[in-house]
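In: From the sequence below, what's the structure:
(chains A and B)
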Protein chains: 2
Amino acid sequence: MLEIEIKVKVPHIDEIKKRILTIGGKHSETVVEEDLYYNAPHRDFAQTDEALRVRSAGGKTILTYKGPKNTLMGSKIREECNVQLDNAGAFDTILKNLGFKPVAHVRKLREYYTYQDFSIALDNVDHLGEFVEIELITENNAEKAAKRVDELAETLGVVGERISISYLELLLSTQ
Amino acid sequence: MLEIEIKVKVPHIDEIKKRILTIGGKHSETVVEEDLYYNAPHRDFAQTDEALRVRSAGGKTILTYKGPKNTLMGSKIREECNVQLDNAGAFDTILKNLGFKPVAHVRKLREYYTYQDFSIALDNVDHLGEFVEIELITENNAEKAAKRVDELAETLGVVGERISISYLELLLSTQ
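Out: Numbers count the residues shown, from 1 in each chain, chains lettered A, B, ... in the order given. The predicted structure is shown next:
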């Protein structure tokens, strides 16, 4: 499964929100997401471009592994695996026992919207500002998905510089 | 949290079963447990005496980390952390992406009994035979718990050699 995603820092997120609703997009939920990122004892994820994240949001805990990023037509593509956990604290203990170390904490208010098979997120990230993410999940046709993401971005006026690094990397780069 | 546990290979498991019921123990469930053990890329759990296991049983998947074993009065003591997962396949993919490797598969039919705050398991392990495990979980008073495990073993006639290694290690030692 491939995730095709763009992320753009925007000055006026309310304008994007209006356009999403105008074309028929639906607000699905608003959540506070607390992400804890870990680094491995045997390789440096900052070098290998991987991520291991435990996200707590809406009473659920999700473990996510993301593989190295590739790009296709300006969209970000990477392998992603998700597993729901029943206990963030016990999993943190297991990771630490295995030698993994927490390296960063990212907190954001995220409004989720859906439009067709797109996921759109409007993010207000602590210490970083406001961003729009547009995402499509595809089994294999990455090129077509990237083109569709591109077209929706234009329709919504999401026209700034595309950011290919994560909030984690943005946050670490500002420290 | 500490797990105080003894494990004994027994010739006549039905005799033990009768004694458990005679003293008031209750059968709680019988399950087939499929355990997949992993080794780490950065250290050898066979050397460090740790275990990382994903158990599938009764429709549930549980991740367990066990720390190095210590012994107290013949009982085995080790740190144990458990996390329930909603997806064994995705977690296997994450572990493999992180460089962990599956090293053994242990399958057993396990009958669980409870007596007071003890957990008793009667195990029929593929390729290994029949075993009794008696376990107590304690927050801090390991010595008292070990004594109680010892007394219950005597009452039940669980009198053979105490095995301080895991089914994983037993299985690997027979290969």
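
In: in which helix or strand would I find A:A153?
Out: Secondary-structure assignment from DSSP states H and E places A:A153 in helix A:142-156.

In: Also A:A121?
Out: With the criterion set as DSSP H and E, the secondary-structure element containing A:A121 is strand A:118-125.

In: Could you list the low-confidence segments of chain A?
Out: In the predicted model of chain A, residues A:74-76, A:175 satisfy pLDDT under 70.

In: now the strands for it?
Out: With DSSP state E, the ranges of strands along chain A come out as A:2-9, A:26-39, A:51-57, A:60-66, A:70-72, A:75-85, A:101-115, A:118-125, A:129-138.

In: Can you report phi and psi for the closest residue to chain B within chain A?
Out: Closest to chain B within chain A is A:H42: 3.5 Å, counting by Cβ to the nearest Cβ. All C-beta atoms are positioned from the backbone trio N, CA, C, and that covers glycine. Backbone torsions of A:H42, given as degrees, to the nearest 10, read phi -110, psi -10.

In: Which residue, other than its chain neighbours, is closest to the residue of chain A positioned farthest from its centre?
Out: Residue farthest from the centre of chain A, counting by Cα atoms, centre = their mean, is A:N97 at 27.2 Å. With Cβ to Cβ, 6 or more residues apart in numbering or on different chains as the measure, B:Y65 is the residue that lies nearest to A:N97, at 5.6 Å, once sequence neighbours are left out.

In: The one you found touches B:A51, doesn't it?
Out: Yes - the pair formed by B:Y65 and B:A51 meets the contact definition of Cβ atoms under 8 Å, at 7.3 Å.

In: Look at the spatially closest residue to the residue of chain A closest to chain B that is not a sequence neighbour and say how many residues are nearby.
Out: The shortest distance from A:H42 to any residue that is not its chain neighbour, by Cβ to Cβ, 6+ apart, is 3.5 Å, and that residue is B:H42. Look at B:H42: counted by other Cβ atoms under 10 Å in any protein chain shown, it has 13 neighbours.

In: what sits against B:H42?
Out: The neighbours of B:H42, taking Cβ atoms under 8 Å, 6 or more residues apart in numbering or on different chains as the test, are A:40-42, A:99, B:99.

In: Save these as JSON lines, and put in distance to A:K147 too.
Out: Putting those into JSON lines (distance: Cβ to Cβ, whole Å) gives the following:
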{"residue": "A:A40", "distance to A:K147": "35"}
{"residue": "A:P41", "distance to A:K147": "40"}
{"residue": "A:H42", "distance to A:K147": "38"}
{"residue": "A:G99", "distance to A:K147": "42"}
{"residue": "B:G99", "distance to A:K147": "35"}
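
In: Farthest-apart pair in those residues, please.
Out: Put simply, by Cβ to Cβ the two of these set farthest apart are A:G99 and B:G99, 12.0 Å from each other.

In: what does chain A put close to chain B?
Out: Contact residues, chain A versus chain B (Cβ under 8 Å from any Cβ of the partner chain): A:40-43, A:50, A:52, A:63, A:65, A:67, A:79, A:81-87, A:90-91, A:93-94, A:97-99.
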